[in-house]
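**Student:** sequence and predicted structure below; questions after.
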Amino acid sequence: MFMVTISSVELQRHFGHYQDVALTEPVAVTRNGRERVVIISVDEYNRLKRRDRQVLSIDDFTETDLQKIMDSEPPVEAAAFNSEFKG
């Protein structure tokens, strides 16, 4: 994804402009030549948050869930990855 890159000084000088730019594309802000933060729109932030994954422990599953997992079979296509299994 293309990203506009600006210095923190440039951001301070033209903050309103880069807020508008961030509505359509990410804006990377550098300090001392290194990218430090990225400004994105609220819509993009919310889209990314929806994609967050929740990590569950074994205690979070019901007995029914665990039985379904134990009874499941991988799809035939998964055999292509058998060479990566080290167990």
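**Tutor:** Now that the structure is in, tell me what you want to look at. Bear in mind the structure is a predicted one, so any value in this text is a computation, not a measurement.
**Student:** doesn't Lys49 lie inside a helix?
**Tutor:** Yes. Applying DSSP: H, G, I helix; E, B strand; the rest coil, one finds Lys49 inside a helix.
**Student:** begin at 2 from now on, thanks
**Tutor:** Noted, 2 is the first residue going forward, which turns the last one into Lys50.
**Student:** give the helix, strand or coil label for Trp57.
**Tutor:** Actually, residue 57 is Leu. It isn't Trp. Following three-state DSSP, the label given to Leu57 is coil.
**Student:** how many other residues sit next to Gln20?
**Tutor:** Applying other C-beta atoms under 10 Å, we find 13 residues neighbouring Gln20. C-beta here means a position set from N, CA and C on the backbone, and glycine is covered the same way.
**Student:** so where's this protein uncertain?
**Tutor:** Scanning the chain for pLDDT under 70 picks out 2, 88.
**Student:** center of it, which residue is that?
**Tutor:** Taking C-alpha atoms, centre = their mean as the criterion, Leu49 is the residue nearest the geometric centre of the chain, at 5.7 Å.
**Student:** which residues touch the nearest residue to that one once chain neighbours are set aside?
**Tutor:** The spatially closest residue to Leu49, leaving aside those adjacent along the chain, is Ile41, at 7.9 Å (C-beta to C-beta, 6 or more residues apart in numbering). By C-beta atoms under 8 Å, 6 or more residues apart in numbering, the residues touching Ile41 are 23, 27-28, 49.
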